[in-house]
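Peer 1: sequence plus the predicted model coming up.
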Amino acid sequence: MDNSFWALIALILFFAVVVYFKGFRRINSALDARSKRIQEELEEARELKEEAKQQLAEYQRRRREAEQEAQDILDSAKREAQNMLSDAAAKNREFVERRTAMAENQIAQAEADARKEVRATAVDVAIEAASKVIASRDGAGQSVSDSIASVRQRLN
């Protein structure tokens, strides 16, 4: 009887004790419970993966919408800036046209005033010359002076 024999006896006794205390059932039920727990964890992991995919798709959709909205805002801002620039250019043209018209009116008024002044000066010079000529020809200067004064009044 060597050690192998005693090892065989111990193994047989071990299996007898395990069978007597229903150890295989306990081991089997523990393995089944663990298998079930692992299966549940795998199912939960699949659900989490699906949820993560859905969230990723939702975030990508939101990102695309946000990018589109930002592009729309940029386009709108560009159009508004272009409109503001066009309005400013039109207002500038109108301002220049008004100022030009005002300057032309002032020039026309100055020309009219200058013509009046030249006419008045010419009338004064002509009256002076006429009064000198008449005064030198005729001795009746008083009636001529009155006539010249009335002509001067009418011309001015």
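Peer 2: Good, I have the coordinates.

Peer 1: spatially central, which residue of this protein would that be?
Peer 2: residue 77 (3.1 Å; Cα atoms, centre = their mean).

Peer 1: quick check: phi and psi at that residue.
Peer 2: Here is the backbone geometry of residue 77 (degrees, to the nearest 10): phi -60, psi -40.

Peer 1: distance of it from residue 130?
Peer 2: Counting by Cβ to Cβ, to the nearest Å, the separation of residue 77 from residue 130 is 78 Å. (Glycine included, C-beta is placed from N, CA and C.)

Peer 1: per-residue pLDDT of residue 146, please?
Peer 2: For residue 146, the pLDDT comes out at 68.

Peer 1: residue 57: which element?
Peer 2: helix 23-137 (DSSP states H and E).

Peer 1: now that helix: average pLDDT?
Peer 2: Averaging pLDDT along helix 23-137 gives 91.

Peer 1: ok, stretch 149-156 next?
Peer 2: The predicted model assigns stretch 149-156 a mean pLDDT of 66.

Peer 1: quick one on the thing from earlier: ok now the helix holding residue 57, how far from the chain's centre?
Peer 2: Relative to the chain's own centre, helix 23-137 is displaced by 5 Å; criterion: Cα atoms, centre = their mean, to the nearest Å.

Peer 1: by contact count, what packs against that helix?
Peer 2: Under the contact criterion of 3 or more Cβ pairs under 8 Å, 6 or more residues apart in numbering; DSSP states H and E, helix 23-137 touches helix 141-155.

Peer 1: what do you get if the cut-off is 10 Å, keeping everything else the same?
Peer 2: For helix 23-137, the elements it packs on are helix 3-20, helix 141-155, judged by 3 or more Cβ pairs under 10 Å, 6 or more residues apart in numbering; DSSP states H and E.

Peer 1: by contact count, what packs against the longest one?
Peer 2: The reference is to helix 3-20. Partner elements for helix 3-20 (3+ Cβ pairs under 10 Å, 6+ apart): helix 23-137.
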